[in-house]
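Undergrad: Make a model of this:
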Amino acid sequence: MIDHKHQGKGYGKAAMETLIQLMSGSNCTRIMIGHRPDNLIAGRMYEALGFLKASEKVIEGEIVRLLQIS
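TA: Residues are numbered from 1 along each chain as shown. Modelled structure (predicted):
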């Protein structure tokens, strides 16, 4: 999570790109993440990073997204 005072500065995307890079270097084959349906900015960021909706259902109040790592 990024403090609201620092959102929109690219920190979240940079952190996710670093996480994806680190996980790619391990035995990880996928990353799953959830966000609230009303958080459209997070949804667009995850989509831009390659995360796809894992289900059309909202699970426990969140949209679940999946990134397959090759």
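Undergrad: From Q21, how far out is the spatially most central residue of the chain?
TA: Nearest residue to the geometric centre of the chain (CA atoms, centre = their mean): Y46, 4.2 Å. Separation of Y46 from Q21 (CB to CB, to the nearest Å): 16 Å. Glycine gets a C-beta too; all of them are placed from N, C-alpha and C.
Undergrad: buried set for stretch 34-50?
TA: H35, A42, G43, M45, Y46, L49 (16 or more other CB atoms under 10 Å).
Undergrad: Give the next helix or strand downstream of the host helix or strand of the fifth one.
TA: Secondary structure from DSSP states H and E places Y46 in helix 40-48. Secondary structure here is assigned by DSSP H and E; on that basis, the next helix or strand after helix 40-48 toward the C-terminus is strand 52-53.
Undergrad: Can you tell me which helices and strands that following strand packs against?
TA: strand 63-68 (3 or more CB pairs under 8 Å, 6 or more residues apart in numbering; DSSP states H and E).
Undergrad: I'd say R65 and G34 touch.
TA: Yes: with contacts counted by CB atoms under 8 Å, R65 reaches G34, the gap being 7.2 Å.
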